[in-house]
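[1] Could you work out the structure for the sequence below:
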Amino acid sequence: MSSYTFFILLAIAACLPLLATGLSTRLWHNRQRYFTWFLFAVILCNISELLRSSGIVQQYDTPFGALSIVLSLWVAVQFYSFISSVFSSERKAWLLPAYGSVAVMAILVVLRQTDPQGSHILWYDRGTILMTFPILALLQHSRYAIQKKLRSANTIIPHNMAFTLNVSILVISATTLAGVFLQYQWLPIVQVGYIIVALLFSYALTEHRQFQIRPLLQRGMAWASLGVAGAGCYWVLFMVLNSLFEFNVNYWTAILATIVAIIVAVAVYNLRNLLPVISNRAFRRPKPDFYRKLNDFTDKIDGKTSLRQQADELLSLVIEAIDCRKAALLFLNLSETDYITMYSGPEGPGNDLSGFSISNHSPLTESIKTGRKVFTRENMAVLPELRTAWKQEVDDIKSRDIEFLVPLLSRNNLTGILVIGKKQSGDYTTEDSMLLKYLTDRLAVVMEKGFFREQRRQYEEELSVINRSSVIISSSLDIESTYNSLIDELRRMVDISWSAISLIDKDEIYFLAVYSAFRSSWQAGDRLPLQDTPASWLQMHKETVVESDIRAKNRFARSKYLLRQGFRSVVHIPLITGEDVIGSLDMASRMPDAFDSRHINTLERVAAQIAIQVENSRLYGEAMRMAHIDDLTGLHNRRAMNEMITREIDHCSRYGSPFSLIIIDIDSLKSINDSYGHLAGDKFIKKVGNNLKTSIRNTDRAFRYGGDEFAIILPQTPVDAAEEIAERVRRHLAASTIDRDTRTTVSLGVAGWVDNNSDAESITAAADAALYQAKKRGGNRSCRAAEAVKITG
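    Numbers count the residues shown, from 1 in each chain. Predicted coordinates for the structure are as follows:
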């Protein structure tokens, strides 16, 4: 076998892993479908050239040579189709002339084979060259589109893809031209180009993941490409040395030597992890008996051991074994959106892992799941999606000096993540990495069971807190009276040092209820301007705001005030009824990162119940107000009057102070109804009610007693003073004309509370009797109960 044939086989071997990847990947994306067709064309072209160069079809050498030319042109067309599907918007317009060139070439080949002596032979020789240039021109046209993409690319992924395609076009163009004009018997130039392109795409797929491929295929393709590159380099070196020193070695011996070299390289690669371990054990002080402690720890864990106990002992074992500065265990939160730090150690100011989290949907999480190995910070350098879309997450890892992310995998499920910080001194060794892998493999199932028990406990605790909070909230419409009990219940789950319900009232907020474990200058009933408060932001955005550490960053003026009070973390939850935000539930803690996603979920459900109760309280207050208000005059009605009389009697009985009652009747209402109708009479009554409001003192209360009768209750007023007030009211109403033709005259009956034997009914009856005397004497006068005395002005 010649070197020419060897390179053709090498080109086929380089393309087969890529073709297997393309066929095993879903093909409904255009770029993957065209890429697979391109690889198929390359392999078919190489097979044709292999059959011709190996002498297997020696009698058909000329037809197969012509077929190789057509297939080479088809390869270039398929490569153009693939590139255009990625970047060019003019692919369909140029595909027809591209495939037309292949058709013309095929026609020339057929004519040459059917009529070797024909006049078209000159056209064939010229056409072979001429038909090459349109395809190369189209490839260069694609480079223009790629250059535009390179200039506009703002992320690493399209930049890498554009760079790969650009280099591939140059290689294909150069080797195709060289293959047309240059003929080497020992080196197939076009096939060398195919090898280079295949290795470029293998690197792009394995290192930069420019297509979505399975991890197993990704690793297999990487190993196959590495093998092809290694064999090619070894073969070239062998041929160079053979030509220089004339070893006189045949090709079969060279192939056998290549296979042996690959086997040795694989063996050395697999021993790379063992040799440092042996070296460390030989030249370094041995570690404590970690494996014995681990076995003891595993044996004593049972179903009654809490997850915290397991985590604390596990972290202490890890810190002791690899001498790290800090470590943490991350588990999924209840909403399964993030892996959050549930346990960390050792405690102290140097441990900043308590607030660390990784998104469950991050590419980093997917890499940890599929890699099934210790994930180092260096591994992130080959994941471009982490350097762009998830750059904040990677920066967070670097800022916290995290060195290892170790998966806790049980039945292919990522139960948790063990996070390891920097070493106390020096760098981590391969033995440290192997030890962590051994540790997590042994404990993954145990930690999974503990996590599920802890998760169930948290679910039960959350449900219990919500149920008890619901009972407390619904026990009274007066939220202020039950608020402290509500916060005491919530403190069983989350650390709360201060809390308030802030309600929006036009351009102000007022505190409906306030809880504080420490002294607070804000009290229930206090009012603040709405502008620049959490409630104003919530009113626009309708979503919860969490300030994890207001010492590091705060958003509102209130947060700065809370920071001066010693609080560190704050959460603001909107109170929503229907589509409107009516206020906020604000909570603060003296601990940073006190409110995680599980707490927020519970507090939002409690806030929803508070919002309902606040609205119910408002509606109840409105209903009670309407039940005590007369619709026509806006004065309080008879029910409100009876309730106030009862309260005044209770007050006067307790403290011995007097109060009086005046009942008023309009003298001329019947004549107004008879003359102008009842609608005019209603307007007259409403006008009298308005005038009555302005004729009494601020301490007195006016009522519509019924029909054309009104009443006034005068707290802490003896009956003598009440008589004077009644006369003043009469004169005021008489002076207030309704219109030019109607004059207001009223009769008034006055009664005072006499002794403890009097009740609401008796004082009302006394005032009514006095009114009857005033009417009987001609009206437009005031009379006192039990002694009808006329007071003239």
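
[2] Find me whatever residue is spatially closest to Tyr99, sequence neighbours aside.
    Val77 (6.1 Å; CB to CB, 6 or more residues apart in numbering). C-beta here means a position set from N, CA and C on the backbone, and glycine is covered the same way.

[3] Sorry, slip of the keys, the one I care about is Ile725.
    Closest to Ile725 by CB to CB, 6+ apart is Leu714, at 6.4 Å.

[4] my read: the residue nearest to Tyr99 touches Val102, true?
    Yes - if you go by CB atoms under 8 Å, Val77 and Val102 touch, sitting 5.7 Å apart.

[5] if we can go back for a sec, compute the number of surrounding residues for the residue nearest to Tyr99.
    By other CB atoms under 10 Å, the residues close to Val77 number 23.

[6] Next, it: secondary structure please.
    On the three-state scheme (DSSP: H, G, I helix; E, B strand; the rest coil), Val77 is labelled helix.

[7] quick one: contacts for the residue nearest to Ile725?
    Counting by CB atoms under 8 Å, 6 or more residues apart in numbering, Leu714 touches 659-662, 697, 699-700, 721-722, 725.

[8] Strands along the stretch 501-650 of the chain, start to end?
    All strands of the stretch 501-650 of the chain, identified by DSSP state E, counting those that start in this stretch, fall at 508-516, 527-529, 545-547, 569-577, 580-589.

[9] export the ones you listed to CSV and tack on mean pLDDT?
    Listed next are the strands of the stretch 501-650 of the chain as CSV, based on pLDDT from 0 to 100:
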stretch, mean pLDDT
strand 508-516, 88
strand 527-529, 88
strand 545-547, 89
strand 569-577, 91
strand 580-589, 90
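
[10] Can you add distance to Gln613 and give those strands back as a markdown table?
    Converted to a markdown table, these look like this (distance: least, CB to CB, whole Å):
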| stretch | distance to Gln613 |
| --- | --- |
| strand 508-516 | 11 |
| strand 527-529 | 21 |
| strand 545-547 | 22 |
| strand 569-577 | 10 |
| strand 580-589 | 11 |
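
[11] closest to Leu199 out of those strands?
    When the strands of the stretch 501-650 of the chain are compared by CB to CB, strand 545-547 sits nearest Leu199, at 49.1 Å.

[12] and Arg697, what are its phi and psi?
    Reported as degrees, to the nearest 10, the phi and psi values for Arg697 are phi -80, psi 170.

[13] What separation is there between it and Leu405?
    77 Å (CB to CB, to the nearest Å).

[14] of those two, who's got more company?
    Leu405 (24 against 12).

[15] Was I right to think that one contacts Ser367?
    No - here Leu405 does not reach Ser367: they are 9.2 Å apart, not a contact under CB under 8 Å.

[16] what residues do those two have in common as contacts?
    Phe375.

[17] Can you find the helix or strand in the chain with the smallest mean pLDDT?
    Ranked by mean pLDDT, DSSP states H and E, the helix or strand of the chain with the weakest confidence is helix 121-130, at a mean of 46.

[18] so where's the longest helix in the chain?
    In the chain, taking DSSP state H as the definition, the longest helix is helix 430-474.

[19] packing partners for that helix?
    The elements that helix 430-474 packs onto, with contact taken as 3 or more CB pairs under 8 Å, 6 or more residues apart in numbering; DSSP states H and E, are helix 274-283, helix 290-300, helix 307-322, strand 327-332, strand 402-410, strand 413-421, helix 479-490, helix 597-627.

[20] picking up where we left off before, kindly reformat the strands of the stretch 501-650 of the chain as a markdown table containing mean neighbour count and distance to Cys15.
    Listed next are the strands of the stretch 501-650 of the chain as a markdown table, based on neighbours: other CB atoms under 10 Å; distance: least, CB to CB, whole Å:
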| stretch | mean neighbour count | distance to Cys15 |
| --- | --- | --- |
| strand 508-516 | 20 | 70 |
| strand 527-529 | 12 | 72 |
| strand 545-547 | 19 | 53 |
| strand 569-577 | 23 | 57 |
| strand 580-589 | 24 | 61 |
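
[21] right, so of those strands, which gets closest to Ala680?
    Closest among the strands of the stretch 501-650 of the chain, using CB to CB: strand 580-589, at 41.3 Å.

[22] now that closest one against helix 597-627, angle please.
    Relative orientation of strand 580-589 versus helix 597-627 (axes from the mean of the first three to the mean of the last three CA atoms, to 10 degrees): 130 degrees.

[23] picking up where we left off before, give me the angle between the longest helix of the chain and strand 413-421.
    110 degrees.

[24] Show me how far helix 430-474 is from its chain's centre.
    Relative to the chain's own centre, helix 430-474 is displaced by 21 Å; criterion: CA atoms, centre = their mean, to the nearest Å.

[25] cool, stretch 32-45 as well?
    For stretch 32-45, the distance to the chain centre is 41 Å (CA atoms, centre = their mean).

[26] Report the buried residues of that stretch.
    Under the neighbour-count criterion of 16 or more other CB atoms under 10 Å, stretch 32-45 has 32-43, 45 buried.

[27] Looking at those residues, which gets the smallest pLDDT?
    Across those, no position has a lower pLDDT than Gln32, which has 73.

[28] can you tell me which helix or strand it belongs to?
    Taking DSSP states H and E as the definition, Gln32 sits inside helix 30-53.

[29] Please write out the alpha-carbon positions of that helix in PDB.
    The C-alpha trace of helix 30-53 is given here as PDB (Å, rounded to 0.1, in the frame of the first residue of the first chain):
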ATOM      1  CA  ASN A  30     -30.800  22.800   7.700                       C
ATOM      2  CA  ARG A  31     -27.200  23.300   8.700                       C
ATOM      3  CA  GLN A  32     -26.900  19.800  10.100                       C
ATOM      4  CA  ARG A  33     -28.600  18.200   7.100                       C
ATOM      5  CA  TYR A  34     -26.300  20.000   4.600                       C
ATOM      6  CA  PHE A  35     -23.300  19.200   6.800                       C
ATOM      7  CA  THR A  36     -24.100  15.500   6.700                       C
ATOM      8  CA  TRP A  37     -24.500  15.600   2.900                       C
ATOM      9  CA  PHE A  38     -21.100  17.300   2.600                       C
ATOM     10  CA  LEU A  39     -19.500  14.500   4.700                       C
ATOM     11  CA  PHE A  40     -21.200  11.900   2.600                       C
ATOM     12  CA  ALA A  41     -19.900  13.500  -0.600                       C
ATOM     13  CA  VAL A  42     -16.400  13.600   0.800                       C
ATOM     14  CA  ILE A  43     -16.400   9.900   1.800                       C
ATOM     15  CA  LEU A  44     -17.900   8.900  -1.600                       C
ATOM     16  CA  CYS A  45     -15.200  10.900  -3.400                       C
ATOM     17  CA  ASN A  46     -12.400   9.300  -1.300                       C
ATOM     18  CA  ILE A  47     -13.800   5.800  -1.900                       C
ATOM     19  CA  SER A  48     -13.800   6.400  -5.600                       C
ATOM     20  CA  GLU A  49     -10.200   7.700  -5.500                       C
ATOM     21  CA  LEU A  50      -9.200   4.800  -3.200                       C
ATOM     22  CA  LEU A  51     -10.500   2.300  -5.700                       C
ATOM     23  CA  ARG A  52      -8.700   3.900  -8.500                       C
ATOM     24  CA  SER A  53      -5.300   4.500  -6.800                       C
END
